[in-house]
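Q: Next comes the sequence, and after it the predicted model I'd like to discuss.
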Amino acid sequence: MASEARLKAGAVLALAGVALLAFGAGAMHDSPRLTVLCGLAALPLAFHLWRSLDRLAALQHTPPAPASGLPIEQQALLDNALALEARLEHTPVALFRIDGAGGEGQAAPLNGNARKLVAPGRASDPAALYRQLAAQPGEQRALIDFDTERGTERALLAVSSITLQGRPQRLAALMPVESELEAEALHAWRQLVHVLTHEIMNSLTPVASLSHTAYGLLGEFRGALPEDVGTDLSTALDAIRRRADSLVDFVASYRSLSNVPAARPERVRLDALFERVSALVGPAWRARGGEVHFSVEPASLELMADPGQLEQALINLLKNAFEATGGGPGQAWVAARLVRGARLRIEVSDDGPGVPEGLAAHIFTPFFTTKKQGGGIGLAMVRHLVHENGGTVRHARSVGRGARFVLTF
């Protein structure tokens, strides 16, 4: 900027000198000698004016130097590196660096999503997750499970091997897919249940209707039949009628799973909601000497959800707990609190025998049940209702005995 100012000042002075000499030459036109001298004196000034204007024009076309003072090429490389780092930091997957080749090495987070994944409130054992990542060979894709404070989650893992500065490394990209897989599974089950119940009901309804009609006609004409034939027909038709009615009720319960109305969220005070649930389930527990304990921390905790659907989900979970603790008085706990990341967690636990380890992965599947009289719809309905209200439900390992379910919103 200083050189540009000097050039402009020199150009102005040269221009003024040339103008002054031209004026002098015009004033002394009667003396040719003085006129020639003025012209000769103006030549250096004109040359200086031309040089100054030429340099100013060159400066106008020269790009400004970077503020850091680095050469243009180095500044461009630095800008590209900073842009790449910003993109890496905000990549929508968790990236980890694994030093070393093969199934050994040390894993470390590379971007913000990876640091969030191992931060308190997500992975319950970050060291175990690091070991699991370090044990993965290069160039592979797989689904892995890892424990979080909400229960076991699944994630898609992709590993690539690279060499940097002569040292082997692996890059691991981890994308949690539990919620996406759960949404797809729920949609698939709803479609399957809808088709099955529709087709079964179409065939079952006339069977139930005809069995009732036949049983009624038999009562009218039974006297015209031999006694043993009338007895056998009555027994057979009565069995068909009862089983048809039972199947209609059974299929209708599954039809409710595929016809759950859309959630209508509203602001819900959890302490008031827990009071309503307690009024519904508490008497049965107290009648056999048990109790359901409710707690909300803080007491003013609120949630945007469909109150009817959330109540139904909690009632289903407490119904399961009631049946599981049927061998004694039984105790159950429902606790709501805020956890890290501004998430709301509702835990429902009991002191029953708990869920067998090998069955935990199947308990939310429709039609799956371990009860003699169960239909396998209770927990499937819970998962559907919670998911409709923007939450997730997991079976979590209990610290002591009993079952523990975690609802997270």
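A: Looks like it came in fine. Residues are numbered from 1 along each chain as shown.
Q: and Tyr130, what helix or strand is that in?
A: helix 126-134 (DSSP states H and E).
Q: Going toward the C-terminus from the strand ranked longest in the chain, what's the next helix or strand?
A: Secondary structure of the chain per DSSP state E: the longest strand is strand 151-164. Downstream of strand 151-164, the first helix or strand assigned by DSSP H and E is strand 167-176.
Q: Can you point out the buried residues in that next one?
A: Using 16 or more other Cβ atoms under 10 Å as the test for burial, strand 167-176 gives 169-170, 172-174, 176. Bear in mind the C-beta positions are built from the backbone N, C-alpha and C, glycine included.
Q: Are there helices or strands packed against that strand, and which ones?
A: With contacts taken as 3 or more Cβ pairs under 8 Å, 6 or more residues apart in numbering; DSSP states H and E, strand 167-176 sits against strand 94-99, helix 112-117, strand 151-164.
Q: and which of the buried residues of strand 167-176 is nearest Ile72?
A: Of all the buried residues of strand 167-176, Gln169 has the smallest distance to Ile72: 32.0 Å, by Cβ to Cβ.
Q: If we ignore the residues flanking it in sequence, what's nearest the closest one?
A: Nearest non-adjacent residue to Gln169, counting by Cβ to Cβ, 6 or more residues apart in numbering: Ile162, 5.5 Å away.
Q: right, so the helices and strands packed on strand 167-176: which one is the most enclosed?
A: Comparing these by mean neighbour count (mean count of other Cβ atoms under 10 Å), strand 94-99 ranks first with a mean of 20.
Q: Contacts for that strand next, please.
A: Strand 94-99 is contacted by residues 88, 105-111, 113-114, 116-117, 130, 133-134, 136, 159, 167, 169-176 when judged by Cβ atoms under 8 Å, 6 or more residues apart in numbering.
Q: picking up where we left off before, got JSON lines for the helices and strands packed on strand 167-176, with mean pLDDT and distance to Gly330 too?
A: Output for the helices and strands packed on strand 167-176, formatted as JSON lines (pLDDT from 0 to 100; distance: least, Cβ to Cβ, whole Å):
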{"stretch": "strand 94-99", "mean pLDDT": "84", "distance to Gly330": "41"}
{"stretch": "helix 112-117", "mean pLDDT": "82", "distance to Gly330": "37"}
{"stretch": "strand 151-164", "mean pLDDT": "78", "distance to Gly330": "23"}
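Q: quick one, helices of this structure?
A: 2-27, 32-60, 72-89, 112-117, 126-134, 178-221, 227-258, 270-287, 307-324, 378-388 (DSSP state H).
Q: helices or strands up against the fourth one?
A: I take that to be helix 112-117. Short answer (3+ Cβ pairs under 8 Å, 6+ apart): helix 112-117 packs on strand 94-99, strand 167-176.
Q: Recalculate using a threshold of 10 Å.
A: Contacts defined by 3 or more Cβ pairs under 10 Å, 6 or more residues apart in numbering; DSSP states H and E place helix 112-117 against helix 72-89, strand 94-99, strand 106-109, helix 126-134, strand 167-176.
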